[in-house]
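1. Sequence plus the predicted model coming up.
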Amino acid sequence: MAVSRNISPTLGVNLDAVYAATDALPLPLGTVVRGRNGRMYIFVQASAGIANDTAVVLTEPAMTVAGGAGAYTTRSGALTTGQRAWVESNAI
């Protein structure tokens, strides 16, 4: 007899998720994916507090972001220092 299991109807990554600094990383920092809207998203860590919908500057190779006139924008909510999230490219 088959056992039923709960599964998620969504495949891929959750671009709206914000991970605490103490959470295990779901993917390595710097992972890049393309969203359904055609934009690129990169998984980063906040080096300072950042409001939602704020342009950020990406620092490589650490893959950290801070508010500024950068090429990415926060879309998953406000971030505090050390939190990890996906940021959206400002260009398609």
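-> Arrived safely, thanks for sending.
2. Tell me where the protein is predicted with low confidence.
-> 1-10 (pLDDT under 70).
3. what about the strands in it?
-> Ranges of strands within the chain are 18-19, 32-34, 40-46, 55-59, 64-67, 72-74, 84-89, based on DSSP state E.
4. how about those, which one is nearest Leu11?
-> Closest to Leu11 of the strands of the chain is strand 32-34 (CB to CB; 11.8 Å). No exception for glycine: its C-beta is placed from N, CA and C like everyone else's.
5. The residue nearest to Leu25 when sequence neighbours are not counted pairs with what?
-> Among residues not flanking Leu25 along the chain, Arg84 sits closest, at 6.8 Å (CB to CB, 6 or more residues apart in numbering). Here Arg84 sits in beta bridges with Tyr19, Gln45, going by DSSP bridges.
6. how much space between Arg84 and Ala91?
-> Using CB to CB, to the nearest Å, Arg84 is found at 22 Å from Ala91.
7. Leu27 too?
-> Leu27 is 22 Å from Ala91, by CB to CB.
8. Those two: who's more crowded?
-> Leu27 (13 against 8; other CB atoms under 10 Å).
9. Quick check, the more buried one in contact with Asn14.
-> No. At 10.7 Å, Leu27 and Asn14 do not qualify as touching, with contact defined as CB atoms under 8 Å.
10. so who does the residue nearest to Thr64 when sequence neighbours are not counted touch?
-> Leaving aside its sequence neighbours, Thr64 sits nearest to Ser47 (CB to CB, 6+ apart; 4.0 Å). Counting by CB atoms under 8 Å, 6 or more residues apart in numbering, Ser47 touches Thr59, Ala62, Thr64, Val65, Ala66, Thr81.
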